[in-house]
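Undergrad: attaching a predicted model along with its sequence, questions to come.
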Amino acid sequence: MTEPTPPPTPATPAANPGAADAQVHVFSPNAGLIDGVPVTAPPYGDIQDVVLSILQQRAQQLGAPTPATITDNRYGGAIRLLIYPDGTTEQLD
């Protein structure tokens, strides 16, 4: 008797399908939170660069793209991004 073959799984995006979105909150040009952990930009730096660098490092550690929801209080909006290990980003939704 042979084992039944499971049905094929639908294609998933390149994102790590089991990974929950990183929750990013930006408060000012040099301060924010990533999953509740405070992050700051250096003098004359930009918090956006710091956040993307941290999320890129996370993607490199996981070996897969990392999804993130970024809420920016400076502009009153939110965006979902997929950050790849090479540092490129893709907007989701």
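TA: Happy to help now that I have it. Numbers count the residues shown, from 1 in each chain.

Undergrad: name the residues of stretch 74-92 that are buried.
TA: Buried residues in stretch 74-92, counting neighbours by 16 or more other Cβ atoms under 10 Å, are found at Leu81, Leu82, Ile83, Tyr84, Pro85. The way it works is simple: take the backbone N, C-alpha and C, and place the C-beta from them, glycine included.

Undergrad: give me the phi and psi for the fourth one.
TA: Tyr84 adopts backbone torsions of phi -90, psi 160, taken as degrees, to the nearest 10.

Undergrad: what of the last one?
TA: Phi and psi for Pro85, reported as degrees, to the nearest 10, are phi -60, psi -30.

Undergrad: how near is it to Thr66?
TA: Pro85 sits 9 Å away from Thr66, going by Cβ to Cβ, to the nearest Å.

Undergrad: tell me, what's touching these two both at once?
TA: Common contacts of Pro85 and Thr66, defined by Cβ atoms under 8 Å, 6 or more residues apart in numbering, comprise Ala59.

Undergrad: excluding chain neighbours, what is closest to Asp93?
TA: Using Cβ to Cβ, 6 or more residues apart in numbering and skipping residues adjacent in sequence, the residue nearest Asp93 is Arg80, 5.2 Å away.

Undergrad: that neighbour: which element?
TA: Per DSSP states H and E, Arg80 falls inside strand 77-83.

Undergrad: partners of the next helix or strand after that strand in the sheet?
TA: Going down the chain from strand 77-83, the next helix or strand is strand 89-91, by DSSP H and E. Here strand 89-91 is paired, per DSSP bridges, with strand 77-83 (antiparallel).

Undergrad: need the helices for this protein, in chain order.
TA: Counting by DSSP state H, the chain has helices at residues 47-62.

Undergrad: skipping adjacent residues, who's closest to the residue nearest the centre of it in space?
TA: Against the mean C-alpha coordinate of the chain, by Cα atoms, centre = their mean, the closest residue is Ala68 at 3.0 Å. Nearest non-adjacent residue to Ala68, counting by Cβ to Cβ, 6+ apart: Ala22, 4.1 Å away.
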